[in-house]
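# just coords:
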DNA sequence: ATGTTAAATTATAATGATTATAAATTAATA
DNA sequence: TATTAATTTATAATCATTATAATTTAACAT
């Protein structure tokens, strides 16, 4: 559970942090900081956007989540820190996890003398749901 | 030559555009809009940053170059529009082309019902030059 | 050559996500 | 319950990029 990770890092367990962790746990929607903020605001009226960013940065640095920069303008967050591909649907703008079998490699590795410690794999196209819609029925 | 591409698109051949095209042609440094602007400014004192962005966007839309979003803050530009991997050196911050053999796939393709029309492959680590430096010699 | 005109350039302002700041609050320990 | 360092908060600052509107100009027709 993520909460223990926070404790282990010597961080305070504030209600705001717990709420953010709770919202992220098992969340496959890859929300942005603003989306997290808007979703929690009703329940935590004093919550500040700065706190959301702050918490996300702490968790990212601790390796508990990963930032996704699949869109030009905004960052999104994935509670699963393990490296895996992501897919942005051009039509509905949703972000999906997409493990791409042979494309997924263990890091670190070396290509032509370049030591690769991390890598990102972003796919752009049409998701199955939007494909269904567009091709009748 | 890129100039013919502009003509074919029905675009005007302005000195600014020619200068930008000329700077990019065969350039493997992946400059940002600001870097392009700063490099051309001495020779074209009237050049505006907006023109640089404008030209880059036109060329990108025309498929004559690709945008690289390997850094969080800035976009960079590659005169080679063919899909290929890029590498950002954590140490010197340089961006290199890096074809990653088995990782490079022809688009479009389909994974688990997702129609992938484009994809990006960004690597992060230490480049050979910086690796040399750090390990003695 | 020159005039005409739509397109391009320019300076500048606006945008918007993210980060910094500094004062007020609070979790954790004694 | 007091203490204190960490956290939260509201707000301002940052900075790459985009929009705007006035000026200039490449391309074409005369």
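Structure's in. What do you need? This structure is a prediction, so every number in the text was calculated from the model and none was measured.
# hmm, the helix ranked longest in chain A in reach of DNA strand C?
When chain A is parsed with DSSP state H, its longest helix is helix A:49-61. Yes - using C-beta under 7 Å from any atom of the strand, helix A:49-61 reaches DNA strand C at A:49-50, A:53, A:57. C-beta coordinates here come from the backbone N, C-alpha and C atoms, glycine included.
# if you count neighbours, what's buried in that helix?
A:51-52, A:55-56, A:59-60 (16 or more other C-beta atoms under 10 Å in any protein chain shown).
# for stretch A:82-89, same thing?
By neighbour count on 16+ other C-beta under 10 Å, the buried set for stretch A:82-89 is A:84-89.
# kindly reformat these as JSON lines containing pLDDT, distance to DNA strand C and secondary structure.
Listed next are the buried residues of stretch A:82-89 as JSON lines, based on pLDDT from 0 to 100; distance: C-beta to the nearest atom of the strand, whole Å; DSSP: H, G, I helix; E, B strand; the rest coil:
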{"residue": "A:84", "pLDDT": "92", "distance to DNA strand C": "20", "secondary structure": "coil"}
{"residue": "A:85", "pLDDT": "94", "distance to DNA strand C": "20", "secondary structure": "coil"}
{"residue": "A:86", "pLDDT": "97", "distance to DNA strand C": "15", "secondary structure": "strand"}
{"residue": "A:87", "pLDDT": "97", "distance to DNA strand C": "19", "secondary structure": "strand"}
{"residue": "A:88", "pLDDT": "97", "distance to DNA strand C": "15", "secondary structure": "strand"}
{"residue": "A:89", "pLDDT": "97", "distance to DNA strand C": "19", "secondary structure": "strand"}
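# coming back round to it: now for the longest helix of chain A, which elements pack on it?
Under the contact criterion of 3 or more C-beta pairs under 8 Å, 6 or more residues apart in numbering or on different chains; DSSP states H and E, helix A:49-61 touches helix A:15-24, helix A:33-40, strand A:66-68.
# between it and helix A:15-24, how big is the angle?
The directions of helix A:49-61 and helix A:15-24 differ by 60 degrees, with axes from the mean of the first three to the mean of the last three C-alpha atoms, to 10 degrees as the criterion.
# nearest to DNA strand D, out of the helices and strands packed on helix A:49-61?
helix A:15-24 (3.9 Å; C-beta to the nearest atom of the strand).
# elements contacting that closest one?
helix A:2-8, helix A:33-40, helix A:49-61.
# 10 Å - rerun?
For helix A:15-24, the packing partners by 3 or more C-beta pairs under 10 Å, 6 or more residues apart in numbering or on different chains; DSSP states H and E come out as helix A:2-8, helix A:33-40, helix A:49-61, strand A:76-78.
# so where is chain A shaky, pLDDT-wise?
A:1-3, A:102-103, A:136-137 (pLDDT under 70).
# kindly recompute the last result at 90.
Scanning chain A for pLDDT under 90 picks out A:1-10, A:72-73, A:83, A:99-107, A:134-137.
# longest strand anywhere in chain A?
Using DSSP state E, we find that the single longest strand of chain A is strand A:114-126.
# is it positioned near DNA strand C?
No - Strand A:114-126 lies out of reach of DNA strand C by C-beta under 7 Å from any atom of the strand, never closer than 15.0 Å.
# other residues contacting the next helix or strand after that strand?
Downstream of strand A:114-126, the next assigned helix or strand under DSSP states H and E is helix A:128-134. Residues from elsewhere that reach helix A:128-134 (C-beta atoms under 10 Å, 6 or more residues apart in numbering or on different chains): A:89-94, A:96, A:125-127, B:110, B:112-115.
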